[in-house]
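Novice: one predicted model, sequence on top.
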Amino acid sequence: MHESLLAWKNYRYLKWFVVLFVISVAVFVSQFSNAAPVSGGTWQGYMLGTVGALLIVLLAFLGIRKRRYRSRLGRVEGWASAHIYLGILVIFLSAMHSALELQSLNVHTLAFWLTFGVVVSGIFGLYVYLHVPILMSGNQSSGYPDLWFEELKELDQRILDTTAGLRGEVVTQILSALRGTELGGSKADQLFGRDRSKFLLSPLSRWKKNTDQRPIIICLSETLPVAQRKGINAESLAEIFEFFGRRQQLLRRLRKDVQYRAILKIWLYFHVPLTFALLVALAVHIFVIFYYW
Amino acid sequence: MQAAIKDSYDLVIVGAGPAGLSAAARAAEIDREAGLQQPSYVLLESADAIAQTIQAYQVGKHVMDEPSFLNLRSPIGFSAGKREDVLMRWDTDVDAQNLNIRYACEVTEVSGVKGDFEVRLANGGSIIAGAVIVAAGTQGNLRHIGVTHDEPSEFVCYSLADPRIINDKHVIVIGAGDSAIENALALQERNNVYIVNRRSEFSRAKSGNLNAVLGSINDARSTLDCYYDSSVKSISPPERSGEMGEVTLTTATGEVSIACHLVIARLGSTPPRARLERMGLSFSSPLPTALPDLDKRYQASVPGIYVVGGLSGYPLIKQAMNQGQDVVDFIAGNDVEPADHELLVARLGGLYPEKTVDETLDFFCSRGALFESVSPIGFRELMIESRLAISGSWARGESGRDYIDGAPTAIAGGHHILDAGDFVEKFYVVMEGNLKIRPYPGAPWSQVGVGQFFGESCLFAGRSQDASVRMGDDCVVIQIPRRILIKLALSNTAVRKQLDDAFVFNLLKVTFKPKIEDDQLRLIAGDCPTKVFEAGNRLFEEGDHGDVLYVLRAGTVNLLQGLQQQLVADQYAGELVGQLSLMGHPRRMYSALAMTRAECVEIDGQKFRALLSGNPEIRAALEKDLTVLLQETNTLYTHRASAAAMNFLMQNGLGEATDALIIDSSKCVGCDQCEVACASTHGGVSRLKRAQGPSLGRFHIPTACRHCETPHCMKDCPPDAIRRTQTGAVYIQDNCIGCGNCEANCPYGAIDLVAMSNQKNGLWNQLVTATQRFLPSNDIAPQEVPAIKLAVKCDACTTVAGGPACVRACPTGAALRLGSGELLEMIGE
Ligand SMILES: Cc1cc2nc3c(=O)[nH]c(=O)nc-3n(C[C@H](O)[C@H](O)[C@H](O)COP(=O)(O)OP(=O)(O)OC[C@H]3O[C@@H](n4cnc5c(N)ncnc54)[C@H](O)[C@@H]3O)c2cc1C
Ligand code: HEM
Ligand code: SF4
Ligand code: SF4
């Protein structure tokens, strides 16, 4: 169970990749003996182009197979494994097919650059798929997000309860810190693990940043030593201080988890739309070629 | 409604549940036919309303009318519908037929003889009866508080059907079990609640309830408080209805009086067995689950006392009602055929034209020793649940027999019934001819003859097995579902003993191959005691002197070694534990820890050695087995990390799993394809919750069914809707009644009760949408008629071509399904 999806069925698709790669290079090289210049217009060029286009359609079909839950056409894991190797093959095929004649920008070169974009995003996605789960499971070594949320809710409740016995600005600070805690946020915030939490120093002050809960903890740590003197229940405050420590830890873990999740998805926001664009560009490319035959 | 009270009746019926009501209504019918002015019977009910078991269902529960193949036979109406509708219909029928019911009449004892019984009541009274029908159900008698004024009333009650109708009241809940806690939690939302606990902690509660109740009690703002170490000293009901009464408690610090509107006591119930024994009824087994001995006419060992309904072992309402009517006819001397007669005719398929149904049953019962001690009514129920398989001349002739539901199935002689590796869900008893059997691959074929049986090895272990079985020529075999035979074995010691002996004998035979004579083996097998070790207990400790060998009959035992108690092997049902010390190694090398409830057959060391001394061949074979085990343990011992992983998996039920979903979290990208795949192949409800469940390192065990060896969920399902396929998948059939027992019994949270739309999909819908009749209906507003809630769980995709959808949909290979045997392998990597 240890091997990754790259190793599916004893590297079946790596083997396919190698064989197909060698054949296509051979076909490509055979053009050099031709009188005509190397291009997509030779029979070799047509062949590489046709195979490439068929592969692209096959690769795009993963999006459909993935959602056919009753399909008995292999496992999705196998499809994904094939997808990766054949996807990488596609960029070589397109390069050879076009003979890298990419100087001008037209529908033909657009199709190439879209392929390039899809493949690059795919490779990034593969990297992410292989590495992020390990980080994520390390982060989840104690519990899982649902549990953390529950614990967080409980902590907040206990902080609220304990705060009921306090008075003064510290109450505002604590309550506003709870209210001002943010998790998630925009896609970009999630992706970069940005923390937009904030809190109030006093009822009339402006919201201040409470990144990583650090500022509120500093604030409490300054109040705690002087609490008794100021007539604040030090015991309750010490308890709350401790709660905030645990809260900080939970929030960190949750934020990391959110970030990992975002990374695991973000690349698909490029990969899939680019695929659609590619399919359109490819169709136009082929249509144009045959129309102006 | 209440007829004039007289203290002598021909017939006293105890308990106004479905069985008792039906009996009373039939008695009233007979009275009317005879033109009697005074009722000849009385129905006694301990509560102040009919059918307490049904009253206690949750509000709005959809009551099912399973089994669908059985027709209702009763003057009282019943069809599937909402609890309230069912109860209302019964109330109407009771009024319309003017039944002679006495409420608040709890029967405590019956003495005397047929024609002159004295039925004693809790309130001190007594009634003379000619015959007594006990229809008191299996719920037992609710324990009362035990002070004056504790009888059920507007102020004191012993169940709570709908907490929502109690608002802005002060309520005292007495008891510390789950039902008390659940009531208290539900009530505190709109009321002030005190919970009274006799002890200083809630030790009997499920962990979910425990956390919730402690959270509420410790929460200063909640309206729930607890009196620990307290008991009720006295109760004074309110002067006028609706006002507050008072309850005085004895607490650790003195007496406290609390004013309140309502007292709810949830003190559990006493099992009904003791009460029946006091009536002089005999039981076929000492186990508390045993059923009273009854004849075909439901008559118990004391002539004149009849037992029907849940108490007689028939767990459903319709059965109870049919029996209620039938038993009154039997007593009246009307020789009607019982309601299940037609079914039995179909089951027996006219194989013996010269015999009546009863004669055929008696004949079957007398074949072989297994059924000797089974009561006629017990055997009847067993036959209704079973199917006959026939071959050769038995199967010829009667064409069309197979078209009758439940008729004998014809199987050609020589045809496979079971192959090695199958789970055995049936138990086979030969009535005519022979079955052919091969105990393990490579062994010679042998025969199972008339009165002999096969299937005992898997009965309790719930694992797949090694034998192959083929149909013989000219043969009649009873195929009994495993759960039915387990039920029988659990209530009948003689049957159990035979199964045990056969099990040990066959196990030893497989272990020692055919090298020992059967006679010699039988000698050893005959008197080996069975010992049960609860999960967490040890069979023996490392370093002990041990002179017993254990054959594991059910469960999983881990072998641990060293100061750190490192796991070195896991042994499953059918394997030996502790053989090392018997091979001339006087001290135990390992500790043996039961990971699940483990049933072990104990073999005496001396006998074992005597056996070996005469058989150098066996000795050599056993020595070879041991060498393999030693090598295996050594590998694991040197693998410290894997031991921790193993412990984790074991603790989370993988030890008893036959097919569990595991996620390798180092590969899981969190795409939730597995859940979506599950939902879309199972009527829109995912049976797995990927993000939930424990993890350790790479291993994540999502909340999903493990298909346990002996599924806890199957234990207590009234319509027997939970079944297992030959490949081991545990699934829930359409006849689920939504009682929630399985949900409560599964330790892994793998079963959910989900509201389903209750219309069955027509053929058109099934063809077009290809979904099951279940549609999730989360969007049903609470005030609408509640949809039927049914239990759903993973069925290992038995109905999905291609196998488990979760695994097939996972793009990274993170989702895996594993049986327990494969655990060691995986961890070894
Ligand atoms: C949660 C749940 C859901 C269920 N759902 C269904 C379903 O949908 N469909 C179905 O067919 N079955 C269902 N069942 C099973 C069904 O409830 C029983 O089969 C049925 O109630 C048995 O009827 P009975 O008459 O034998 O006993 P009960 O219904 O238990 O009635 C016994 C009566 O006797 C009274 N009594 C007891 N002791 C005494 C005494 N000493 N003196 C006087 N009176 C006494 C009791 O108060 C009670 O009213 C369910 C069971 C449970 C627990
Ligand atoms: C022209 C080439 C390619 C096309 C047209 C293509 C298209 C697609 C499509 C349509 C999907 C389905 C996304 C979804 O529905 O969620 C997908 C998924 C994916 N692609 Fe590509 N892809 C290409 C090349 C690549 C390459 C080169 C790689 C990696 C080296 C790659 C890696 C992936 C991965 C890892 C997934 C996710 C699989 C899953 O989660 O099921 N792709 N691709
Ligand atoms: S539902 Fe629960 S008890 Fe039943 S087989 Fe599955 S895991 Fe075991
Ligand atoms: S399908 Fe596989 S990768 Fe996706 S959530 Fe499920 S286990 Fe994880």
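Specialist: Ah, there it is. Ligands and ions are numbered 1, 2, ... in the order given.
Novice: from here on, just use CA atoms for contacts and neighbour counts.
Specialist: OK.
Novice: residue B:481: neighbour count?
Specialist: The number of residues packed near residue B:481 is 19, by other Cα atoms under 10 Å in any protein chain shown.
Novice: wait, residue B:386 touches residue B:478, no?
Specialist: Yes. Counting by Cα atoms under 8 Å, residue B:478 is a contact partner of residue B:386 at 6.7 Å.
Novice: excluding chain neighbours, give the residue nearest to whichever residue of the stretch 551-700 of chain B sits closest to ligand 3 in space.
Specialist: Going by Cα to the nearest ligand atom, ligand 3 is nearest to residue B:657 of the stretch 551-700 of chain B, at 7.2 Å. Leaving aside its chain neighbours, residue B:657 sits nearest to residue B:708 (4.4 Å; criterion: Cα to Cα, 6 or more residues apart in numbering or on different chains).
Novice: tell me the pLDDT of that neighbour.
Specialist: The model reports residue B:708 with a pLDDT of 88.
Novice: quick one: contacts for it?
Specialist: Residues counted as contacts of residue B:708 (Cα atoms under 8 Å, 6 or more residues apart in numbering or on different chains) are B:462, B:656, B:657, B:658, B:659.
Novice: before we move on, what about residue B:62?
Specialist: So residue B:62 contacts B:80, B:81, B:82, B:83, B:737, B:738, B:787, B:788, B:789 (Cα under 8 Å, 6+ apart).
Novice: any idea how many residues pack against the closest residue to it other than its chain neighbours?
Specialist: Closest residue in space to residue B:62, ignoring its immediate chain neighbours: residue B:82 at 4.5 Å, by Cα to Cα, 6+ apart. Neighbour count for residue B:82, taken as other Cα under 10 Å: 19.
Novice: was I right about residue B:82 contacting residue B:58?
Specialist: No. Using Cα under 8 Å, residue B:82 makes no contact with residue B:58, being 10.3 Å away.
Novice: the helix or strand containing residue A:283 close to ligand 2?
Specialist: Residue A:283 is part of helix A:268-291 when elements are defined by DSSP states H and E. Yes. Helix A:268-291 reaches ligand 2 (Cα under 6 Å from any ligand atom) through A:272, A:275.
Novice: does any bit of that helix sit next to chain B?
Specialist: No. If you take Cα under 8 Å from any Cα of the partner chain as the test, helix A:268-291 misses chain B, and the best it gets is 11.4 Å.
Novice: I'd like the mean pLDDT over that helix, please.
Specialist: 94.
Novice: coming back round to it: what about the residue nearest to residue B:657, distance to residue B:559?
Specialist: Per Cα to Cα, to the nearest Å, residue B:708 is found 21 Å from residue B:559.
Novice: against ligand 2, how distant is the nearest residue to residue B:18 once chain neighbours are set aside?
Specialist: Excluding its sequence neighbours, the residue lying closest to residue B:18 (Cα to Cα, 6+ apart) is residue B:321, at 5.3 Å. Using Cα to the nearest ligand atom, to the nearest Å, residue B:321 is found at 56 Å from ligand 2.
Novice: name the element residue B:321 belongs to?
Specialist: helix B:317-331.
Novice: for that helix, which outside residues touch it?
Specialist: By Cα under 8 Å, 6+ apart, helix B:317-331 touches B:18-27, B:65-67, B:70, B:72-75, B:78, B:297-298, B:306, B:308-310, B:314, B:335-336, B:338-339.
Novice: could you export it as CSV, CA atoms only?
Specialist: Extracted in CSV, the C-alpha atoms of helix B:317-331 (Å, rounded to 0.1, in the frame of the first residue of the first chain):
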residue,chain,number,x,y,z
ILE,B,317,-46.2,-6.9,16.9
LYS,B,318,-48.1,-8.8,14.2
GLN,B,319,-46.8,-12.1,15.5
ALA,B,320,-47.8,-11.1,19.0
MET,B,321,-51.3,-10.2,17.9
ASN,B,322,-51.8,-13.5,16.0
GLN,B,323,-50.6,-15.5,18.9
GLY,B,324,-53.0,-13.6,21.2
GLN,B,325,-56.0,-14.6,19.1
ASP,B,326,-54.8,-18.2,18.5
VAL,B,327,-54.1,-18.9,22.1
VAL,B,328,-57.6,-18.0,23.2
ASP,B,329,-59.0,-20.3,20.5
PHE,B,330,-56.7,-23.1,21.7
ILE,B,331,-58.0,-22.6,25.3
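Novice: state the mean pLDDT of stretch B:592-603.
Specialist: pLDDT averaged over stretch B:592-603 gives 84.
Novice: just the endpoints, please. Distance across that stretch?
Specialist: 16 Å.
Novice: what lies in contact with that stretch?
Specialist: B:504, B:524, B:528-542, B:548-560, B:577, B:650-651, B:655-656.
Novice: can you tell if that stretch touches ligand 3?
Specialist: No. Stretch B:592-603 stays clear of ligand 3 (Cα under 6 Å from any ligand atom), getting no nearer than 12.1 Å.
Novice: residue of the stretch 101-250 of chain A nearest chain B, please.
Specialist: In the stretch 101-250 of chain A, the residue that lies nearest chain B is residue A:134 (4.3 Å; Cα to the nearest Cα).
Novice: give me every residue that touches the residue nearest the centre of chain A.
Specialist: The residue lying closest to the centre of chain A (Cα atoms, centre = their mean) is residue A:263, at 2.4 Å. Taking Cα under 8 Å, 6+ apart, we find residue A:263 in contact with A:128, A:132, A:191.
Novice: against residue A:131, how distant is it?
Specialist: 11 Å.
Novice: likewise residue B:13?
Specialist: Counting by Cα to Cα - residue B:13 and residue A:131 are separated by 72 Å.
Novice: so between the two, which is more surrounded?
Specialist: Ranked by neighbour count (other Cα under 10 Å), residue B:13 and residue A:131 place residue B:13 first, with 30 against 15.
Novice: you'd agree the more buried one is in a helix?
Specialist: No. Looking at residue B:13 with DSSP: H, G, I helix; E, B strand; the rest coil, it is strand, so not inside a helix.
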